[in-house]
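Undergrad: here you go, sequence then predicted model.
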Amino acid sequence: MPSLGADMKSGILVDWRVKPGDTVKRGDIVALVETEKGVIEVEIFDSGIVESIQVHPGEKVPVGTTLATIRSNGQTIEARPAAAPPPIEEKKEAPLVTAPPPPPVAPETHRPRVSPLARKRAEELGVNLADVAGTGEAGSITAADVERAMEGAKPVPPPPIRPKAGEVLSMRRVIAAAMARSKREIPHYYLSTTVDMRRALDWLAAENAKRPVTKRLLYSVLLIRAVALAVREVPEMNGFWVDGAFRLGEGVHVGVAISLRQGGLVNPAVHDVDKKGLDELMENMLDLVNRARTGHLRSSEISDGTITVTNLGEQGVESVFGVIYPPQVALVGFGKIVERPWAAGGMLGVRPTLAASLAADHRVSDGHRGGRFLLAIDRLLQEPEKL
Amino acid sequence: MEETTPTEAEIRKSVRQALSNVAPEVDVESLDPGKDLRDQIDIDSVDFLNFVIGIHKELGVDIPDADMPKLVTLNGCIAYLSSRALHS
């Protein structure tokens, strides 16, 4: 069970997208997991063949639990009967997720027991154990229960798009824990500057006039790209504060704060923003927001962000004073684009302007470096054709 | 585009479908067709672009950037797309 946030303790396996014997490659979506942040698609970190499934749909397990095992390519291993005791030694066995080993936990008391035969039948028939009413001893699920459930079987319902009130509440709790930790532990400092957006918007309008609707660019993609390129100049904005020290992020994965209409906030990352062109980034953004809305975010997107961008301009506010998302060390906030009188070169004119702010961790950087970072963003936005 | 001009009913259906895709939690029937969608259901610019791309994919009508403001209400969408379909 991957950790999809510093405060996640457990998750419920909703459904498998693979079965034993399937070939998988790094990045494939193998399972759906329900967390307090909603239903997340879990990607696999290794390539190989799925050997066994250890956690079944409906089960709630702590972070770090091995969900399934895979055999890496090139290793020849005897097939083992399903009922054999778990063989660990002499097998190249990779857990699906790279997470710390699970602490020993008592089994969930409210979850009914499932007989091994029932589990095997459920797997064969594709029955979700969470949907089976147990009639065995102390409500345990028997093979006959599974077969009965199969007869009246309905397909496993897709994960809910409209979360129940309780889910919104638990997402709120996750946000509360992360933000309280941020304000408790991170000595924030704040900087702000006003960016002249005339060049960027003129360039964008000219570009979009030439482009079909499917290739159109939004200004927010310029902002995200500028942040990622500025990170190259001031790398201490990109990474994590862990165990009393700064750790540089591997890659520039920009978390994008997306407010969910039904309540709550997700912060999925666009990967490798510094290495992608605007077209690819725009496609990523459209896809990411769409999946955030429909409950199909992926585990790597939830956990990989190295810096966050929040754009509250669309809500009409002029500036943002952000709260860093721990263990990250910086958050860049953008307000709305407003026309203002602007003096430049001894002349007064009217320009579209944008307030860009930085909330950064003073344990990692100082205002001087933060200032350079914000000014780099400003400078990069003056040459939109180079972004 | 050939002679297969979409009917108004088809346009309505496509617009609703595109909107449901970007805002699955919204009951499209309950929306005021004369009011700005962005105010009614709090969709942002990325959602709105996804919505317009969805309409384009459903109906095959290209929508120039300058025309995007015409699509901010359901009634505006129907009127604009009906005229585009007729003239294309």
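TA: Right, received. Where do you want to start?
Undergrad: so which bits of stretch A:233-249 are buried?
TA: Along stretch A:233-249, these residues count as buried under the neighbour rule (16 or more other C-beta atoms under 10 Å in any protein chain shown): A:Val234, A:Pro235, A:Glu236, A:Met237, A:Asn238, A:Gly239, A:Phe240, A:Trp241, A:Phe246, A:Gly249. No exception for glycine: its C-beta is placed from N, CA and C like everyone else's.
Undergrad: so A:Val39 belongs to a strand, correct?
TA: Yes - secondary structure of A:Val39 (DSSP: H, G, I helix; E, B strand; the rest coil): part of a strand.
Undergrad: I'd assumed A:Ala31 was in contact with it.
TA: No - at 10.5 Å, A:Val39 does not count as touching A:Ala31 under the criterion of C-beta atoms under 8 Å.
Undergrad: anything in contact with each of those two?
TA: Here A:Val39 and A:Ala31 have A:Val14 as joint contacts, going by C-beta atoms under 8 Å, 6 or more residues apart in numbering or on different chains.
Undergrad: just the CA trace of stretch B:18-26, in PDB.
TA: Presented in PDB, the C-alpha positions along stretch B:18-26 are these (Å, rounded to 0.1, in the frame of the first residue of the first chain):
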ATOM      1  CA  ALA B  18     -19.300  17.500 -22.900                       C
ATOM      2  CA  LEU B  19     -20.400  19.300 -19.700                       C
ATOM      3  CA  SER B  20     -21.000  16.000 -17.800                       C
ATOM      4  CA  ASN B  21     -17.500  14.900 -18.800                       C
ATOM      5  CA  VAL B  22     -15.900  17.900 -17.100                       C
ATOM      6  CA  ALA B  23     -18.300  18.200 -14.200                       C
ATOM      7  CA  PRO B  24     -19.600  14.700 -13.500                       C
ATOM      8  CA  GLU B  25     -21.000  15.700 -10.200                       C
ATOM      9  CA  VAL B  26     -23.300  18.400 -11.700                       C
END
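Undergrad: the stretch 151-300 of chain A: helices as residue ranges?
TA: For the stretch 151-300 of chain A, the helices defined by DSSP state H, counting those that start in this stretch occupy A:165-185, A:198-210, A:219-233, A:278-294, A:299-303.
Undergrad: which stretches of the chain have low pLDDT?
TA: You didn't say which chain, so I picked chain A. For chain A, residues meeting the criterion pLDDT under 70 lie at A:6-7, A:37, A:73-112, A:116, A:136-139, A:151-167.
Undergrad: my bad, chain B
TA: Residue ranges of chain B with pLDDT under 70: B:1-4, B:85-88.
Undergrad: interface residues of it facing chain A?
TA: Within chain B, the residues that sit near chain A (C-beta under 8 Å from any C-beta of the partner chain) are B:21-26, B:41-42, B:44-47, B:49-50, B:52-53, B:56-57, B:62-66.
Undergrad: need the contact list for A:Asp274.
TA: Residues counted as contacts of A:Asp274 (C-beta under 8 Å, 6+ apart) are A:Ala228, A:Leu229, A:Val231, A:Arg232, A:Gly251, A:Val252.
Undergrad: please redo it, this time with the cut-off set to 6 Å
TA: Residues near A:Asp274 by C-beta atoms under 6 Å, 6 or more residues apart in numbering or on different chains: A:Ala228, A:Val252.
Undergrad: how close does it sit to A:Glu233?
TA: 11 Å (C-beta to C-beta, to the nearest Å).
Undergrad: B:Ile11 too?
TA: Counting by C-beta to C-beta, the gap from B:Ile11 to A:Glu233 is 49 Å.
Undergrad: try A:Asp46
TA: 35 Å.
Undergrad: and if you look at A:Ser299?
TA: A:Ser299 sits 31 Å away from A:Glu233, taking C-beta to C-beta as the criterion.
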